[in-house]
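Peer 1: how does the following fold in three dimensions:
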Amino acid sequence: SRLRRGAAYVVSLVRLLARLRSSRPDIVHWQFTELPVADLLALLAIRTLHVPQVYTAHELLPWTASRHHRRLFKLLYRVVDAVVVHNEDQKAEVVRGFGVDPAKVHVAPLGGYSLFTAPDMPQAEARDRLGVPADIPVALFFGTIRPSKGLEVLLEAWALVTPTMPEALLLVTGKPYKGLDPRSTTSLIGDLGIETSVRTRFEQ
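Peer 2: Predicted coordinates for the structure are as follows:
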């Protein structure tokens, strides 16, 4: 249950603090928050230990952010010693919208995608292995499946594509983010009537 997972996460934060007190690492790196209020309290506790903290803001606010989240993250960004973002627009928003000192905001661009533009396996061979005809249009969704990726929006849009391109195929493959049930995606595909034009593979 969500309550049990939340309690287990709080316990893990307590264990983290105990470990930090004994090991005194050179730095603590955060990449996301599970329970923003609990995580903020942990950040404040770690700050009293004088251990530098870095937060990588893959998303400036949680995907399901409420009004209070902006206040929480405004404090979080001020508590940490450095904030890492992925582009200049994010940096400007952290500085302007959250009042963070520009000197402690660092841009680390996302990696290149050259691997996918020139893959090791030729396209014809890949299609053959997947049983996909060589002459049909294919769209691909891959990677971690989480709410912020908007898979539901893609599927709804795909339902608008299929009437004019019935031969097109959408491939959906990836690992559902913890707590997400892939059956909800399968159910939506059925509700939209696009079972014949969508192929899924969910990793565990």
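
Peer 1: how about the residue located most distally from the centre of the chain, what does it touch?
Peer 2: Centroid-distance maximum for the chain: D135 at 33.2 Å, with Cα atoms, centre = their mean. Under the criterion of Cβ atoms under 8 Å, 6 or more residues apart in numbering, D135 has no neighbours. All C-beta spots, glycine's among them, are computed from the backbone N, C-alpha and C.

Peer 1: mind checking the SS state of it?
Peer 2: Of the three states, D135 takes coil according to DSSP: H, G, I helix; E, B strand; the rest coil.

Peer 1: just the strands in the chain please.
Peer 2: Assigned by DSSP state E, the strands in the chain fall at 28-30, 53-56, 82-85, 105-107, 138-142, 169-174, 198-202.

Peer 1: got the ones you listed as JSON lines, with mean pLDDT, distance to R127 and mean neighbour count columns?
Peer 2: Output for the strands of the chain, formatted as JSON lines (pLDDT from 0 to 100; distance: least, Cβ to Cβ, whole Å; neighbours: other Cβ atoms under 10 Å):
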{"stretch": "strand 28-30", "mean pLDDT": "96", "distance to R127": "40", "mean neighbour count": "17"}
{"stretch": "strand 53-56", "mean pLDDT": "97", "distance to R127": "36", "mean neighbour count": "18"}
{"stretch": "strand 82-85", "mean pLDDT": "96", "distance to R127": "38", "mean neighbour count": "22"}
{"stretch": "strand 105-107", "mean pLDDT": "97", "distance to R127": "38", "mean neighbour count": "15"}
{"stretch": "strand 138-142", "mean pLDDT": "93", "distance to R127": "8", "mean neighbour count": "15"}
{"stretch": "strand 169-174", "mean pLDDT": "94", "distance to R127": "10", "mean neighbour count": "18"}
{"stretch": "strand 198-202", "mean pLDDT": "93", "distance to R127": "12", "mean neighbour count": "17"}
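
Peer 1: which sections of this structure are below the confidence cut-off?
Peer 2: Low-confidence segments of the chain (pLDDT under 70): 179.

Peer 1: surely V54 touches H29?
Peer 2: Yes - contact criterion Cβ atoms under 8 Å: V54 and H29 qualify, at 5.0 Å.

Peer 1: related to what we said a few turns ago, from F116, how far out is the residue farthest from the centre of the chain?
Peer 2: 22 Å (Cβ to Cβ, to the nearest Å).
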